[in-house]
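**Q** What follows is a predicted structure for the sequence shown.
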Amino acid sequence: MARSSTLNPPETHQLLRGEVLAARRVTPHMLRVTVGGGDLADGFVPRGADQWFRLFVPRPGQDALHLPSGVDLKGYARYLTMPESRRPLLRNYTVRATRPGEIDIDLVAHGALGPGTVSAAGWAARCEVGSPMALLDEGVTFAADGTQDWTLVVAEESGLPAALGVLAALPADARGVAFLEVPTAEDVQPVDAPAHVEVRWLHRDDPHAVPGALALRTVAAATLPPGRPYAFVVGEQALTQGVRRHLVAQGVAKSDIAFCGYWKHGARPAR
């Protein structure tokens, strides 16, 4: 994962157990799982923006969620040595929305999701109300300090929850522009953003196109607002690194760019 950002971590790190409260498909390529209960009922602190966490869910065929005994390096080492028959699936995600006692998690549905699919999206497609899960809050990386003139937000669908969270967290008088790439027009979602932040939805409409390539081309060709920006760029690795290189070439300070490559096109997914 390529990353350059300032992490504002939570005060305490602890695994929080919960369960699935609801699951549904919100757009053709996005699944939403609502979780809560257990430790999440009063142990999770919403922080807004791009608050992210480590998600632990059962693998196909597992009848229980077996968690590591701790969340430090020793705990993670023990997780890695657990036999696959017991080791839960571990992935990183961003909070999409919160309500008292509930957290929405949006997951991109890549391709077919059969009952044996070993991925978090596969879990989202097969989970039922009451299915166990756990998360480890890791904090927020969006770190604009208010001295910048405007905000730039760029993401493809894997970064959409983070991008929408950042837009919702901006102050009412914020100015800026967001480039949000999705597979089709049907994947557009409602946006809560300040009135002076322009949101441009980009539709690939080509199942063979590389996610993020359209957003990168569009940003590179765009006439951006004058002044000093704070850029938040997340999603496929080539997109995030490409936008960062373009902005630096245009004179944007590296310290004013938060970017994170969530995944790399063509790389073999972790199991």
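**A** Sure thing, it's come through. Numbering: from 1, shown residues only.

**Q** Would you mind listing where the stretch 51-200 of the chain has pLDDT under the threshold?
**A** Across the stretch 51-200 of the chain, the ranges flagged by pLDDT under 70 are 111-118.

**Q** Which strands and helices lie in contact with the helix ranked longest in the chain?
**A** Ranked by residue count, the top helix of the chain under DSSP state H comes out as helix 237-249. The contact analysis (3 or more C-beta pairs under 8 Å, 6 or more residues apart in numbering; DSSP states H and E) places helix 237-249 against strand 150-155, helix 213-221, strand 229-236, strand 257-263. No exception for glycine: its C-beta is placed from N, CA and C like everyone else's.

**Q** what's the most buried one of those?
**A** Most buried of the helices and strands packed on helix 237-249, by mean neighbour count (mean count of other C-beta atoms under 10 Å): strand 229-236, with a mean of 27.

**Q** ok, and what's touching it?
**A** 50, 142, 144, 148-159, 162-163, 166, 176, 181, 210-212, 215, 239-240, 243-244, 247, 252, 256-265 (C-beta atoms under 8 Å, 6 or more residues apart in numbering).

**Q** Please repeat the previous calculation with a cut-off of 6 Å.
**A** 142, 144, 148, 150-156, 158-159, 162, 166, 211-212, 240, 243, 247, 256-260, 262, 265 (C-beta atoms under 6 Å, 6 or more residues apart in numbering).

**Q** go on, stretch 7-21?
**A** Residues contacting stretch 7-21 (C-beta under 6 Å, 6+ apart): 33-40, 43-44, 67, 71, 127, 129-137, 139-141.

**Q** so how far is the first residue of that stretch from its last?
**A** For stretch 7-21, the first and last residues are 29 Å from each other (C-alpha to C-alpha, to the nearest Å).

**Q** And for stretch 221-235?
**A** 19 Å.

**Q** Give the rounded mean pLDDT of that stretch.
**A** Confidence over stretch 221-235 (mean pLDDT, whole number) is 97.

**Q** Gly266: neighbouring residues, count only.
**A** 8 (other C-beta atoms under 10 Å).

**Q** Assign it to helix, strand or coil.
**A** coil (DSSP: H, G, I helix; E, B strand; the rest coil).

**Q** And it, how close does it get to Pro207?
**A** Per C-beta to C-beta, to the nearest Å, Gly266 is found 16 Å from Pro207.

**Q** tell me the centre residue of the chain?
**A** Thr94 (3.9 Å; C-alpha atoms, centre = their mean).

**Q** Check for me that that one belongs to a strand.
**A** Yes: the assignment for Thr94 is a strand, going by three-state DSSP.

**Q** Who is it paired with across the strands?
**A** Beta-bridge partners for Thr94, by DSSP bridges, are Trp52.

**Q** One more: Gly176?
**A** Bridge pairing for Gly176 - DSSP bridges - gives Thr151, Val197.

**Q** Contacts only, for it.
**A** Gly176 sits in contact with 150-151, 197, where contact means C-beta under 6 Å, 6+ apart.
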